[in-house]
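>>> give me a 3D structure for the following:
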Amino acid sequence: MNWWNLSFIAVAAVSTISLQITQLNRRISGQTPEGDRQWVMQESARLSVLQRLPARGFGFNNLISTYTFLGFLQYFGDDVARLAHGTGYGLTPAYFQVIVPRDPRFIQSYLYLSVGVSMFSAQPRQAITLYEKGTAAIDPSIQRYGYTVWIRKATDQLLFLGDSQGARQSYLKAAEWASIPQFKPDDLPETQIIPNSNPPTNYITQYALGNAEWLKDNRDLSSAQIAAWQMILNTATDRKTVEIIAQEVDKLGFKIQASAEGNGIIVPK
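Predicted coordinates for the structure are as follows:
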């Protein structure tokens, strides 16, 4: 083991202990808005360091990715800091800019990517860039559920960007990938063969092909897009996310307006 690897292990160990001590102190002393804002700044700096590590990660890319993913779960699940103290979800893309390039075959992480980056951070374009990094590295014959990444990419393209033809191509790739592996009877129900189908087709392939067929014609997707952005607005807790939503709905001829109850609603301009 060379000194680079030893150095990385030492840095990771110190960082982990430091993070644990920081969290313990916060639990003992209680969270405050100022404390949470400072923690976000520190976490942002830590993520910047992780992003600047060499591409090969000293041979520990899976460890770096897992370590970062655990950090994301802690960040994303801290409702007091995110919601009550209004620090929002703006760091979410930075976590996945570390996770995906270093472990693109970590299929389960894309579920959190879709929710965290597209919905809570209101940055679907960033999510799509990360999906593309993942699909370039995934082998559907090995990562049998790799098709789910194409499904999530299609959903973001369709609902958040209104890119019907891009979504159609993603659904076609999802169908292609879903038909490659030999799924087992105890795998997800969506991967099971449809009875009496000829040729034999599983449910997820049929679903993806059906959506691709529906998108052959140019359709007005604005209603679906506005509904998706409204869903994000309902959970937005920081100004940056609201600004992004306002910019996106403005392109569709809508704006954000305060309702009688004081909540933000998206209405025509």
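
>>> tell me which helix or strand of this protein sits lowest on mean pLDDT?
Across the helices and strands of the chain, mean pLDDT, DSSP states H and E gives its lowest value to helix 3-29, namely a mean of 43.

>>> how about the helices of the stretch 1-150 of the chain, start to end?
Per DSSP state H, counting those that start in this stretch, the stretch 1-150 of the chain has helices spanning 3-29, 33-51, 61-76, 79, 92-102, 109-113, 124-135, 147-159. These are given in chain order.

>>> can you tell me the SS state at the residue lying farthest from the centre of the chain?
In the chain, the greatest distance from the average C-alpha position (CA atoms, centre = their mean) is reached by Asn196, at 36.5 Å. Under DSSP: H, G, I helix; E, B strand; the rest coil, Asn196 falls in the coil class.

>>> which residues does it contact?
Asn196 makes contact with no residue under the criterion CB atoms under 8 Å, 6 or more residues apart in numbering. C-beta coordinates here come from the backbone N, C-alpha and C atoms, glycine included.

>>> relative to Asp250, which of the helices of the stretch 1-150 of the chain is closest?
Relative to Asp250, the nearest member of the helices of the stretch 1-150 of the chain by CB to CB is helix 124-135, separated by 15.5 Å.

>>> which strands or helices does that closest one pack on?
Of the remaining helices and strands, those touching helix 124-135 by 3 or more CB pairs under 8 Å, 6 or more residues apart in numbering; DSSP states H and E are helix 92-102, helix 109-113, helix 147-159.

>>> which one of these is the most hemmed in?
Mean neighbour counts were taken over those using mean count of other CB atoms under 10 Å, and the top value, a mean of 25, falls to helix 147-159.

>>> quick one: Gln42 from Phe120, how far?
Remark: distance between Gln42 and Phe120 (CB to CB, to the nearest Å) = 21 Å.

>>> more neighbours, these two?
Higher neighbour count among Gln42 and Phe120: Phe120, with 21 against 13, using other CB atoms under 10 Å.

>>> so who does the residue nearest to that one when sequence neighbours are not counted touch?
Nearest non-adjacent residue to Phe120, counting by CB to CB, 6 or more residues apart in numbering: Tyr89, 4.1 Å away. When the contact criterion is CB under 8 Å, 6+ apart, the partners of Tyr89 are 76, 82, 116, 120-121, 237-238, 241.

>>> with respect to pLDDT, which of these ranks lowest?
Least confident by pLDDT among the contacts of Tyr89: that is Thr237, with 75.

>>> shouldn't it be within a strand?
No. Going by three-state DSSP, the assignment for Thr237 is coil, not a strand.

>>> shouldn't it be in contact with Val80?
No. With the criterion set as CB atoms under 8 Å, Thr237 and Val80 do not qualify as a contacting pair; they are 11.2 Å apart.
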